[in-house]
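**Q** Show me how the following folds:
(chains A, B, C and D)
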There are 2 protein chains.
Amino acid sequence: MADVKSGPNPLFLREEDLRQGIELLFYAYRDFTAEPDAMLAKIGLGRAHHRVVYFVGRYPGINVTELLGILQITKQSLARVLGDLVSQEYIAQRAGTKDRRQRLLTLTEKGQELERTLSDAQRARIAQAYRAAGAAAVEGFRTVMLGIIDADDRAKFQPPGPGKR
Amino acid sequence: MADVKSGPNPLFLREEDLRQGIELLFYAYRDFTAEPDAMLAKIGLGRAHHRVVYFVGRYPGINVTELLGILQITKQSLARVLGDLVSQEYIAQRAGTKDRRQRLLTLTEKGQELERTLSDAQRARIAQAYRAAGAAAVEGFRTVMLGIIDADDRAKFQPPGPGKR
DNA sequence: GAAATAAGTCAACATGGCTGACGTAAAATC
DNA sequence: GATTTTACGTCAGCCATGTTGACTTATTTC
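**A** Residues are numbered from 1 along each chain as shown, chains lettered A, B, ... in the order given. I've put the predicted structure just below:
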């Protein structure tokens, strides 16, 4: 991993550059979550609900264990928000057919609508940033972000491939 | 660089690309905060303390109003963590000389050490990602991240310039 | 002198993490 | 077939960190 391609680019990493990287993440995440948070507050839900709705939308039929793996929170923490979402009919549960202990989660129509509304603000923000930056910058953005993410989760971003998921 | 295509660049933004952008931010932030959070837990502090220590280190002599502007939380929320940090002597307060109502905040030696320990994990993560990605990718990363951040705060990342700060 | 500003404080509340303990049903293993 | 493991759920309580609202004090500005 150390060999960044010998040659003309030693890439001096000054304290200042790293500090800036930290701050970019702080401000970007702060602003990225602000809009959905405000919408959620109006319907009595929170950011945790958004995350669940998002990932259930992303992986329809995901089971609880897998969802916990993504969110990296405890079962009890998830239970609270998931319970809200199921009782308010944003999310439907059904037993797995292969393994009937599993609860497979999907968005209801209502859930899909919520997901779209919430994430649209974020999609718009990303779209605008991508457009303003251009395709090459977007490639660089992806590469650096992947480098920041723990190696175990990088696979999620690989094109289809032989994934074991 | 990949094909940046001369001429007008419509930059096709598929749903899929935007979704990926959202997830990159989620996973990156999750992993970026995990290490300092674990260290903080051991000394009975939390992420909010880290943020305060970080920005006081970044802007020595910052006053409370300015800090609130960065963190975007309420005075009461800040009071709690700031109180902890002052009473445990991570942060020192002194009255402003020009405006004696202000409390100017600085890190003590102890505070500097804490800041360094916490942020080093983050700096290392960024450094590794930057090195693996290369200088051009880092430039793209910066550009996109700035586009995601609200325009008001982009100025913080401009080189010195005529800033009014 | 009055008004505005910087900061602090008290109280109450919500959200979303956590640990620990325990239960049930189904699947996997010996 | 009995035992163990797994997937999920649940109760109870704690902690960190955000919120609103009301009020005080010191200082600066108008």
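
**Q** Verify the assumption that A:Gly44 is located in a strand.
**A** No: remark: A:Gly44 does not belong to a strand; assigned using DSSP: H, G, I helix; E, B strand; the rest coil, it is coil.

**Q** State the distance from it to A:Glu89.
**A** As judged by Cβ to Cβ, to the nearest Å, A:Gly44 and A:Glu89 stand 14 Å apart. Using the backbone N, CA and C atoms, a C-beta is placed for each residue, glycine as well.

**Q** Which one of the residues in chain A is closest to chain B?
**A** Going by Cβ to the nearest Cβ, chain B is nearest to A:Gly140 of chain A, at 2.3 Å.

**Q** Grab the nearest non-local neighbour of that residue.
**A** Residue nearest to A:Gly140 in three dimensions, not counting chain neighbours: B:Gly140, with 2.3 Å by Cβ to Cβ, 6 or more residues apart in numbering or on different chains.

**Q** mind listing what the one you found touches?
**A** In this structure, B:Gly140 makes contact with A:Ala133, A:Ala136, A:Ala137, A:Val138, A:Glu139, A:Gly140, A:Phe141, A:Thr143, A:Val144, judged by Cβ atoms under 8 Å, 6 or more residues apart in numbering or on different chains.

**Q** tell me the secondary structure for it?
**A** With three-state DSSP as the criterion, B:Gly140 reads helix.

**Q** List the contacts of stretch A:51-70.
**A** Contacts for stretch A:51-70 (Cβ under 8 Å, 6+ apart): A:71, A:74-75, A:78, A:81-82, A:85, A:90-91, A:96, A:102-107, A:111-112, A:114-115, A:118-119, B:19, B:22-23, B:26.

**Q** Buried residues, it. List them.
**A** Judged by neighbour count using 16 or more other Cβ atoms under 10 Å in any protein chain shown, the buried positions of stretch A:51-70 are A:51-58, A:62-64, A:66-67, A:70.

**Q** Output it as PDB, nothing but the C-alphas.
**A** Only the C-alpha atoms of stretch A:51-70 are listed here, as PDB (Å, rounded to 0.1, in the frame of the first residue of the first chain):
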ATOM      1  CA  ARG A  51     -30.700   5.700   7.600                       C
ATOM      2  CA  VAL A  52     -32.900   2.600   8.100                       C
ATOM      3  CA  VAL A  53     -35.300   3.700   5.400                       C
ATOM      4  CA  TYR A  54     -32.500   4.500   3.100                       C
ATOM      5  CA  PHE A  55     -30.800   1.100   3.400                       C
ATOM      6  CA  VAL A  56     -34.000  -0.900   3.300                       C
ATOM      7  CA  GLY A  57     -34.700   1.000   0.000                       C
ATOM      8  CA  ARG A  58     -31.200   0.200  -1.200                       C
ATOM      9  CA  TYR A  59     -31.300  -3.500  -0.400                       C
ATOM     10  CA  PRO A  60     -35.000  -4.600  -0.500                       C
ATOM     11  CA  GLY A  61     -35.500  -7.800   1.400                       C
ATOM     12  CA  ILE A  62     -32.400  -7.100   3.600                       C
ATOM     13  CA  ASN A  63     -32.600  -8.900   7.000                       C
ATOM     14  CA  VAL A  64     -32.000  -7.500  10.400                       C
ATOM     15  CA  THR A  65     -28.500  -8.900  10.900                       C
ATOM     16  CA  GLU A  66     -27.300  -7.500   7.600                       C
ATOM     17  CA  LEU A  67     -28.800  -4.100   8.400                       C
ATOM     18  CA  LEU A  68     -27.100  -4.100  11.700                       C
ATOM     19  CA  GLY A  69     -23.800  -4.800  10.000                       C
ATOM     20  CA  ILE A  70     -24.200  -1.700   7.800                       C
END
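
**Q** quick one: is it near DNA strand D?
**A** Yes: for stretch A:51-70 and DNA strand D, the contact criterion (Cβ under 7 Å from any atom of the strand) is met by A:Asn63, A:Val64, A:Thr65, A:Glu66.
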